[in-house]
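# Starting from these lines, generate the structure:
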Amino acid sequence: MSGASNTHRIIMRVLFLITKGDLGGAQRSVFLLSQGLKKEGYNICVGSGEKGYLTDKLGKSGINIAFFKNLKRTSNLFANCFFVFELRKFLKKEKFEIISFNSTNTLFGILGLWGLKNKPKTVFTVHGSSFLSPGFKKSKILKLFFLLTMKFLLPFVDKIVFVSEYDKKLAEKYKLVKNDQGIVIYNGIEYIDFLNKEEAIKGLRKIKNFPNDKLIIGTITRLEYAKGNDILIGSINKLPREILDKCIFLIIGDGPDREALKLQITNYKLQNCIFLLGDILEASKYLKAFDIFIMASRYEGMPYALLEAMVANLPIIASNVGGIPELLGDSGMMFEANNMDDFISNLTNLIKDRLLREELSKKTSLQIKKFFFPEKLKEIKNLFISLGDSK
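The predicted structure follows:
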C-alpha cells in the first residue's frame, strides 16, 4: 500500500477550480490544500475566474494558475455555458486525474467533461449550503436556480465533500446526494504566527486610535447580510451602560454593508465604542489583541475566522448556525441566530466573569487540536487516492 501511495504522490495531477480570487473560506481551503499537496509531490493547478489575493499567494508559492475569463459568479446560463466550452478546450490540452470544483459556478464545468478521453474523476466541495439555509436572504427565484443547478449537476460528480455534518444533512434533506456520494471533511487550520497582545493592540491602534485599558471584544468578518453585523451592533446598543463602559468593539473586515453599518453606529451614538477597522492583511495575526471573539452570522458553513480565533485560544460567543456547533463543541458560548436578547445575556455574563473567560480559553485550546490541517490533508489525499484507484 505504501508503494501505491508514493506513486500517486508523484504522478497525480489535480486541478482546483474556484470562481473568485479574493480570500474567503473557499479560497483559503483551496490555497491550503494546493500548497499542502504540492509539498507531497502532487502536480497542482488552480483555475480561477479572476486575479486577486488568492492567486497572488498561489503564484508566490510556485503553484500553476490558469485563468478562465468566463468563470464568474452569475446566474446567467449563457455565461456559464461559455465557461463549459472554455474548460473543455483547456482539458483537451491539459490532462488531470482529479478535478476539484469549489463553487457553484465552477460546477457547470462538469458538463465540459462529457465524452473526453481519460476523463478525470471529480470532487465538489460544499463550503457552505447558504442557499438552503433558512436565513438565506436572496430572492426565491435565485434560491430555486441554485437548487435546480445542484439537482441537475451533482449526479455527475464522483464525490461531494461537505465541511460540516450540518451541510451534509441539509443536502440529504433536499435529496441532492446519492448513497455514499457525500463525505464530511472539516476545514483544517494551520498554526498562526500571532503578534503578542501588546504588539497586536499597538498595531490595531495605528489603524484606529481606540481607547486604552478596556476589554477588547472583536471579530474578523465580511460586512454583508450573512454575517449578521447589524445584529451585533444592535445588540451592543442594548447593553447596560455599566457593561458598555468597560468595553470597546473592533470589527475587522469590509464588504457591501460598510456604509449602512457606519450609519447604524452613528445613529446609536456608538462611535466611541465600536470601531470599523476595514480589511487588514493577515488579520488573524492580531487576534491576541482581543479578550473575547464574537460572531453573529445568520448562516455559516465552517468559518475560518472562528477556527483562527480558536487557535488564538480566545473565549468565543457565536451564533448557533451551520457547522459552528460542530466546531465549538462545549468550548464556546452559542446563541440563537438573530436573537439579540440571547446574545446580550451571553456576552454580559462573559464580560463580568473573568474566570469563565479563562475556562473557555482552556477548552478552546483543546478543541482546536481536532482541526489542525495535517489531518485534513491526509483525509483529502486518501479521497484522491481512492478515486485514482477506481479509474
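
# Do I have it right that G203 meets L195?
Yes. Counting by Cβ atoms under 8 Å, G203 touches L195, with 6.4 Å between them. All C-beta atoms are positioned from the backbone trio N, CA, C, and that covers glycine.

# what is in contact with these two at once?
Common contacts of G203 and L195 (Cβ atoms under 8 Å, 6 or more residues apart in numbering): 286, 289.

# Neighbour count: these two, which is higher?
L195 (18 against 14; other Cβ atoms under 10 Å).

# so where do the strands sit in the stretch 251-391 of the chain?
Ranges of strands in the stretch 251-391 of the chain, per DSSP state E, counting those that start in this stretch, are 274-278, 292-295, 316-319, 333-335.

# Keeping just the C-alphas, turn the first one into PDB.
Read that as strand 274-278. Taking Å, rounded to 0.1, in the frame of the first residue of the first chain, the C-alpha atoms of strand 274-278 are listed here in PDB:
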ATOM      1  CA  ILE A 274     -17.500  50.400  18.000                       C
ATOM      2  CA  PHE A 275     -14.600  50.700  15.500                       C
ATOM      3  CA  LEU A 276     -14.700  49.500  11.900                       C
ATOM      4  CA  LEU A 277     -11.100  48.800  11.000                       C
ATOM      5  CA  GLY A 278     -11.600  47.700   7.400                       C
END
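
# check contacts around K208.
250, 275-277.

# ok, back up a step: who wins for proximity to Q181 among the strands of the stretch 251-391 of the chain?
The closest of those to Q181 is strand 316-319. By Cβ to Cβ, the value is 29.4 Å.

# counting contacts, what elements does the closest one pack onto?
Judged by 3 or more Cβ pairs under 8 Å, 6 or more residues apart in numbering; DSSP states H and E, strand 316-319 is in contact with strand 292-295, helix 304-311, helix 324-328, strand 333-335, helix 340-352.

# Show me what counts as buried in the longest one.
Judged by neighbour count using 16 or more other Cβ atoms under 10 Å, the buried positions of helix 340-352 are 340, 342-344, 346-347, 350-351.

# what stretches of this structure score poorly on pLDDT?
By pLDDT under 70, the weakly predicted segments of the chain are 1-11, 135, 138, 391.

# hmm, back to that, including neighbour count, could the contacts of K208 go into TSV?
Formatted as TSV, the contacts of K208 follow (neighbours: other Cβ atoms under 10 Å):
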residue	neighbour count
L250	21
F275	22
L276	20
L277	18
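
# Redo the residues you listed as JSON lines? Include distance to L107.
Shown next, in JSON lines, are the contacts of K208 (distance: Cβ to Cβ, whole Å):
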{"residue": "L250", "distance to L107": "37"}
{"residue": "F275", "distance to L107": "39"}
{"residue": "L276", "distance to L107": "35"}
{"residue": "L277", "distance to L107": "35"}
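
# hmm, which two among these are most spread apart?
L250 and L276 (8.5 Å).

# Find the nearest non-adjacent residue to E94, please.
Counting by Cβ to Cβ, 6 or more residues apart in numbering, C45 is the residue found nearest to E94 once chain neighbours are left out, at 7.2 Å.

# What is the helix or strand where the one you found lies packed up against?
In this structure, C45 is located in strand 43-48 according to DSSP states H and E. Applying 3+ Cβ pairs under 8 Å, 6+ apart, one finds that strand 43-48 makes contact with strand 13-18, helix 25-39, helix 53-60, strand 64-67.

# Helices of the stretch 151-300 of the chain, start to end?
For the stretch 151-300 of the chain, helices defined by DSSP state H, counting those that start in this stretch occupy the ranges 165-173, 197-205, 229-237, 241-244, 258-267.

# Give me whichever of those helices is most buried.
Mean neighbour count (mean count of other Cβ atoms under 10 Å) peaks for helix 229-237 among the helices of the stretch 151-300 of the chain, with a mean of 21.

# Spit out the contact partners of L347.
L347 touches 217, 235, 239, 292, 294, 317, counting by Cβ under 8 Å, 6+ apart.

# Just give me the neighbour total for the residue nearest to the fourth one when sequence neighbours are not counted.
Nearest-residue entry for I292: I217, 4.5 Å, with adjacent residues in sequence omitted and distances by Cβ to Cβ, 6+ apart. Burial of I217, expressed as a neighbour count using other Cβ under 10 Å, amounts to 25.
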